[in-house]
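Visitor: fold the following.
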Amino acid sequence: MKRLLTLLLAGASLLASAQTTYKGLPVLEAAGKTADYRVDARWRKGTWGFAPEAVPDVLELPVFGRTVQFGFYTGKDSLLFPLSAGTVRRFYVHTTDNKYALTEVRGFDFQPLSVTAAPSRRDTFWYEQGTANPFLEQLRSTYALNDLVRNVGSDSARALRILKWTHDQWSHNGSNEPSKPDALTILREARGGKHFRCVEYGIVAASALNAVGLPARVLALKTKDVETTASGAGHVLLEVYLSDLKKWVLMDGQWDAMPVLNGVPLNAVEFQQAIARNYDALQVRSLSGTDKEAYTSWIFPYLYYFDVKFDNREGTGRKLATQGGKPSLMLVPEGAKEPTVFQKEWPINNVVYTHSAADFYAAPVMK
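Guide: Down below sits the predicted model:
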């Protein structure tokens, strides 16, 4: 029979009528190698593996300024307690191979980044001028992109159609790379059965948006620990300029997601700040039904460093224009280190740094 252990937030008292303890902490008996856990009504099934070698094994959960109900179920035993920012609760899991895994659950709130509003540079960016580019013409005609957005009213609705189409072209695979990094090659190889990374979703979505007349650029995100972690320090998506709103807007092809606050689509910096400050009002628009909590919890650590190319024109075999010999602009939070290494190994020596959102989000000049 399943046993329920209630851990009270106020104080360390436990209601544990049939519960054993180990080293003064409650013990849950494991039925297998993983546990389920939930935050309020949302369960994560089989996602927590027991690690007795980690002392403690820490599960950190964002609570978005709220007190949530956390539940943990091993298949035999369970516990339930309120979790808020700063809450730390420990317990042991007695594994099926007779080891004790010290497990620690922590609640935390995301913190908003600070960037400057005033411009500090006068960089030139290059974007497609219309849709007559032969590369874009081939992309548009081969994949009937105009049909996707025909009779769709707003720029944001058109962009969402293109994003969903991109999302559906293959299933994500974080290891595969195409033979060449352009949209036509990626799509051709995807039609042949290959699956690609977040990078390729960003490339294809940006090219497809440019092909239907919506200026777009690939956007690279990097975590705060980009220099010291060995893997998982980056994510790639895109931003599109919506002329009817006169603003840049983040879109994620891997997740089929566009963030919106109070009816207004958000750029990457606005999205980061909305997660930290206005989570309840934040929406994630998706024609695939992407879950807001799953997406925001996953992407938030990546929303720290942001970089884009100066030259966002489409085509193959073309040398990119630069500023001061550097092809990219990186937006760095105020007070943060300017990173020079990616994942301990790869030099970051191709960017110009800025703290200014105005520099990063200058409207595209269309001639």
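Visitor: which helix or which strand is home to the residue most central in space within the chain?
Guide: In the chain, the C-alpha nearest the mean C-alpha coordinate belongs to residue 299, at 2.4 Å (CA atoms, centre = their mean). Assigned by DSSP states H and E, residue 299 falls within helix 292-299.
Visitor: report all helices and strands that that helix contacts.
Guide: Applying 3 or more CB pairs under 8 Å, 6 or more residues apart in numbering; DSSP states H and E, one finds that helix 292-299 contacts strand 57-62, strand 282-285. C-beta coordinates here come from the backbone N, C-alpha and C atoms, glycine included.
Visitor: can I get these in TSV including distance to residue 156?
Guide: Converted to TSV, the helices and strands packed on helix 292-299 look like this (distance: least, CB to CB, whole Å):
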stretch	distance to residue 156
strand 57-62	27
strand 282-285	8
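Visitor: of those strands, which stretch is the most buried?
Guide: Comparing these by mean neighbour count (mean count of other CB atoms under 10 Å), strand 282-285 comes out on top with a mean of 18.
Visitor: tell me the mean pLDDT for that strand?
Guide: The pLDDT scores in strand 282-285 average 98.
Visitor: and that strand, what does it pack onto?
Guide: strand 258-261, helix 292-299.
Visitor: neighbours around residue 244, how many?
Guide: Neighbour count of residue 244, defined by other CB atoms under 10 Å: 10.
Visitor: which secondary structure element of this structure has the lowest mean pLDDT?
Guide: Least confident helix or strand, the chain: strand 3-7 with a mean of 35, by mean pLDDT, DSSP states H and E.
Visitor: if we can go back for a sec, state the mean pLDDT of the helix holding residue 299.
Guide: For helix 292-299, the mean pLDDT works out to 95.
Visitor: who touches it?
Guide: 39, 42, 61-62, 221, 235, 252, 255, 257, 275, 279, 282-284 (CB atoms under 8 Å, 6 or more residues apart in numbering).
Visitor: one more time with 7 Å
Guide: Helix 292-299 is contacted by residues 42, 62, 235, 255, 257, 275, 283-284 when judged by CB atoms under 7 Å, 6 or more residues apart in numbering.
Visitor: before we move on, back to that, to residue 177, which of the helices and strands packed on strand 282-285 lies closest?
Guide: Closest approach to residue 177 among these is made by helix 292-299 (21.9 Å; CB to CB).
Visitor: I'm done for today, thanks for sticking with me.
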